[in-house]
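A.B. asks: prediction below, plus the sequence it came from.
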There are 4 protein chains.
Amino acid sequence: MENQKPDWRYRLHEIIYEADTPAGKLFDVILLIAILASILFVMLESVSSIDAKYHKELDIAEWVITILFSLEYIARIICVRKPFRYIFSFYGVIDFLSTIPKYLSLFLAGTHALVALRALRLLRVFRILKLARYLGASNHLANAIRASRAKIGVFLFAVLIACIIFGTIMYLIEGEDHGFTNIPKSVYWCIVTLTTVGFGDITPETPLGQFIAAIIMVLGYGIIAVPTGIVSAEYTKAAGKDEEELTKEELSGLTPIHLNTISCPNCLTNHHQDDAEFCFKCGQKLTDD
Amino acid sequence: MENQKPDWRYRLHEIIYEADTPAGKLFDVILLIAILASILFVMLESVSSIDAKYHKELDIAEWVITILFSLEYIARIICVRKPFRYIFSFYGVIDFLSTIPKYLSLFLAGTHALVALRALRLLRVFRILKLARYLGASNHLANAIRASRAKIGVFLFAVLIACIIFGTIMYLIEGEDHGFTNIPKSVYWCIVTLTTVGFGDITPETPLGQFIAAIIMVLGYGIIAVPTGIVSAEYTKAAGKDEEELTKEELSGLTPIHLNTISCPNCLTNHHQDDAEFCFKCGQKLTDD
Amino acid sequence: MENQKPDWRYRLHEIIYEADTPAGKLFDVILLIAILASILFVMLESVSSIDAKYHKELDIAEWVITILFSLEYIARIICVRKPFRYIFSFYGVIDFLSTIPKYLSLFLAGTHALVALRALRLLRVFRILKLARYLGASNHLANAIRASRAKIGVFLFAVLIACIIFGTIMYLIEGEDHGFTNIPKSVYWCIVTLTTVGFGDITPETPLGQFIAAIIMVLGYGIIAVPTGIVSAEYTKAAGKDEEELTKEELSGLTPIHLNTISCPNCLTNHHQDDAEFCFKCGQKLTDD
Amino acid sequence: MENQKPDWRYRLHEIIYEADTPAGKLFDVILLIAILASILFVMLESVSSIDAKYHKELDIAEWVITILFSLEYIARIICVRKPFRYIFSFYGVIDFLSTIPKYLSLFLAGTHALVALRALRLLRVFRILKLARYLGASNHLANAIRASRAKIGVFLFAVLIACIIFGTIMYLIEGEDHGFTNIPKSVYWCIVTLTTVGFGDITPETPLGQFIAAIIMVLGYGIIAVPTGIVSAEYTKAAGKDEEELTKEELSGLTPIHLNTISCPNCLTNHHQDDAEFCFKCGQKLTDD
């Protein structure tokens, strides 16, 4: 009972951490706009031509954002019962990293660029927009990904081992003269090739190297079928299970075009489209307003 | 009843906007050829070696096309009861943009290149060939795409956020010396890499940058399974549903309703049912008999 | 009855066009080896370092192949009742193109490179190895591809139109200074980008161009789900239909490890693997030989 | 009976080749760490800046690893009854290749780089971690891949033939001036393009070459649907089969039989069933009790 005392900290907590009250929703919307604005300012500032023109304005805008984020950070700490839990949580660290570089830049030159870490706050967008929950509504996709995760993990592990082995072989074949300066770089090239990205900054030049490269490419092109196959099969399974639980009523609602139940008062024709205002059979007005 | 007077404007409307009469079909075929020819001329003119040789011929051909398109544009305006609705519609704007640059080029130098906007008229090809309807015949694909749209949208949104975050991190790691001159460019690079396009105009050169790049690539290579899995599962579901014995009730809900190509001569509304005699939007009679 | 007279032409026909007799099979194997050898010789000859060393040997080898192919070509014409039907058939034209350039090179300089057209004969490999028939054994894949063909065609047509429109827009935005010298080249770049190949020989350099490029990439990355989804759903459907027709007996045969029905004569243990020679329970020899 | 004498060689065999005893598990863990460490040392040594600083330390570390691997190699030979069977087995050759280059480097300059072949030992990781068995737990994926293997093989064979034909055509069109110096290189370029890797080291420059290239790309982009479709359909089928009510008879045919990690000390045969007490290949007793 004593926990329910609606003091100002309780209220603040409700506004900041919850989204079911009008104030909470408003806070979320403002936070969302502030995050997007902060990303925009950081982006614009990084473009030298824009920075040269509007340096002062961008600096002021960033200070405003920084102070807003600082206030939010302090508020989050104050209104939580176990502040350290928030401070060392994933979002707590991100929130800290998104404010501190601006203050540091007053004392230490070169730290200003770290303001860009603010981009990490974009992750909050998922939380605010409840996208995860949106996807979870039908839950098929989430189930499919959960069921596939371990297998795709093993698949990617196998891909990595293949890249290390092929990378080492390519290092031996091509050597430092053709850009394969060391094994880590060679493994990097192998990942670039197997994932079919293919930058072209390093390319094999010996016939044998090109032959091995062709094998890596065909391998990468062929095995993409494995994770894709897993996810689609798991999704089919998850969706199929759900399907069986649907009643006939629900099934009959899956019409591609929504037809309403209005009958024409003149000719009694049915199956009018939802936005119909006149009977498509006799021209009679359907709705009265 | 007074709406049914089949004057010349009504006839013109039938020819231009509908495809169920011989004249309407002929008009569509001519329009299709004219569009394809106009694209061809614009392409040929952009090739400097061909333009040097046949400049005059191409200029004449383009004027012929422009005048034809202008006449069509005027005809479309005249024969519609509410011209502004057409003018400011999607296709209306495209039709306008495909004629005006040629006229402008008489007065303003440099505007001639905009003639290329004519390529947008290609979108009409879908309408004329009724490709959408062709796909819709079985309707599985359309249903699968419709069912997947929202999820693929969220997926692409998540990909975009990942690109912004990774792009910012790469900007901090690689810096301006290695081509990551600003954050927008860095995000662009990240999209190039994650979608496995990999131009190679910008490439990471520090070991840490290459390590992050490898993560982005493997991520892009792995998560392609998600949209693919969604579409194939939804398509399997849509196709499977069709297979099952559908009750008549369910059938009436699931069968695609045949919509014809008639546009209302009064308000331009489309998607009338095949047996419609009056516009369901404004009550205008659709057919003359 | 008179058609059945097994004269030499009939025999020749049986050997060349059929593969069910020992002679026919032998002919196919020799032809297969000859085709592969001819490709190898053409490839080796194109490598200047090898050609410099072994020019004479390769020339002789090619003449041998050419004469063999010529004899085969003549034999095919002779033993067929309607020679013109073969001559103007797909394979007939290829067979002609694979012999004539070598003869032409005696009179006309520069035509020798066309010997490489011999590579087209590789298509016969499919026929000889009966790969199509192999795939067709279960017939699911063939059915799935047949059912998907039209839809994938429309899909690729839509991709092409998108490439023309985006290519034209990129030409207007980037212009000739950044490598988008004309619209066809710009459309080519667009195909390179949308299919996620990304050579990097032409890359957008203006911010707006890079923005449009990013849209094209994400589009290409996202819509690959469409053909993939179609094929896997159609294949699932085709395979599922077949499944229903399988008897239980067939189902019980789908064991991952083949266990035989031998019981150990010593301890009567069952479920020995197919290649077992000793009982895994008591060490008793299972087979007598 | 005489085969069952648990001498030191038998014990060693148990430790090295089996993983069911504490000593065997410890050996596996140490081996795993040694393999990963050896890869790390080889990688670090290949980076010239690190090698310059820590050459001596890395050399010592490599000698330690080499001696450990040599001891393991000798132990493996000693404790097996038929040593030549191990020596000429796949893993036996890899184990030999991972130790010998270091010794060779004492006498022959330039052979040191071959130490990198040690990366091949990574393949043992799969065996030690029993990843194959992990995937096999549900066995759907393994079945799906097994069922798809032949079809994907034929698919890749068809892709290869297409690459040879298109590669030859591109060699004729583009010629040596544009980087298509010979047919093998041209085929290599074609594989790079069709698999959507697209390095960009060689790019077509003639309009016709770019047109053919566009066809190759669209082909590569479109047919990726085939292997993906096969795997997902086979996986759906394998997973679906499991869902259905299986009769006991069917179950006994479909359930994966648990095979243990024991290798026969006499003939090195693997894949004994969990309850096996004697080798099914040579009758040797497997366990001591």
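C.D. replies: Noted; the coordinates are in hand.
A.B. asks: was I right about residue A:80 contacting residue A:88?
C.D. replies: No: Residue A:80 is beyond contact range of residue A:88, at 12.0 Å (criterion: Cβ atoms under 8 Å). Every residue, glycine included, has its C-beta placed from N, CA and C.
A.B. asks: which one of these two has more residues nearby?
C.D. replies: Shown here are residue A:80 and residue A:88; by other Cβ atoms under 10 Å in any protein chain shown, residue A:80 has more neighbours (19 against 10).
A.B. asks: list the contacts for the more buried one?
C.D. replies: Residue A:80 makes contact with A:13, A:17, A:86, according to Cβ atoms under 8 Å, 6 or more residues apart in numbering or on different chains.
A.B. asks: lowest-confidence one in these?
C.D. replies: Across the contacts of residue A:80, the bottom pLDDT score, 78, is held by residue A:17.
A.B. asks: quick revisit: turn the contacts of residue A:80 into JSON lines, including distance to residue C:179 and secondary structure.
C.D. replies: As requested, those are exported to JSON lines (distance: Cβ to Cβ, whole Å; DSSP: H, G, I helix; E, B strand; the rest coil):
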{"residue": "A:13", "distance to residue C:179": "57", "secondary structure": "helix"}
{"residue": "A:17", "distance to residue C:179": "52", "secondary structure": "helix"}
{"residue": "A:86", "distance to residue C:179": "52", "secondary structure": "helix"}
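A.B. asks: list buried residues within these.
C.D. replies: Neighbour counting by 16 or more other Cβ atoms under 10 Å in any protein chain shown classes A:13, A:86 among those as buried.
A.B. asks: residue boundaries of the helices in the stretch 101-250 of chain A?
C.D. replies: Taking DSSP state H, counting those that start in this stretch, the helices of the stretch 101-250 of chain A run over residues A:123-129, A:131-136, A:140-174, A:183-194, A:207-223, A:225-244, A:248-252.
A.B. asks: need the mean per-residue confidence for the last one.
C.D. replies: When pLDDT is averaged along helix A:248-252, the result is 39.
A.B. asks: likewise for the second one?
C.D. replies: For helix A:131-136, the per-residue pLDDT values average out at 53.
A.B. asks: what about the nearest residue to residue A:159 once chain neighbours are set aside, how many residues nearby?
C.D. replies: Spatial nearest neighbour of residue A:159, chain neighbours left out: residue A:194 (6.6 Å); criterion: Cβ to Cβ, 6 or more residues apart in numbering or on different chains. Residue A:194 has 28 neighbours, counted by other Cβ under 10 Å.
A.B. asks: for residue A:213, see how far away residue A:194 is.
C.D. replies: Residue A:194 sits at a distance of 10 Å from residue A:213 (criterion: Cβ to Cβ, to the nearest Å).
A.B. asks: ok, now residue A:113?
C.D. replies: Distance, residue A:113 to residue A:213, by Cβ to Cβ: 37 Å.
A.B. asks: neighbour count winner among the two?
C.D. replies: residue A:213 (27 against 16).
A.B. asks: look at residue A:150 and report its pLDDT.
C.D. replies: On pLDDT, residue A:150 comes in at 77.
A.B. asks: and the residue in the stretch 1-150 of chain A positioned nearest to chain D, how far from residue A:233?
C.D. replies: Closest residue of the stretch 1-150 of chain A to chain D, Cβ to the nearest Cβ: residue A:150 (7.9 Å). According to Cβ to Cβ, residue A:150 and residue A:233 sit 14 Å apart.
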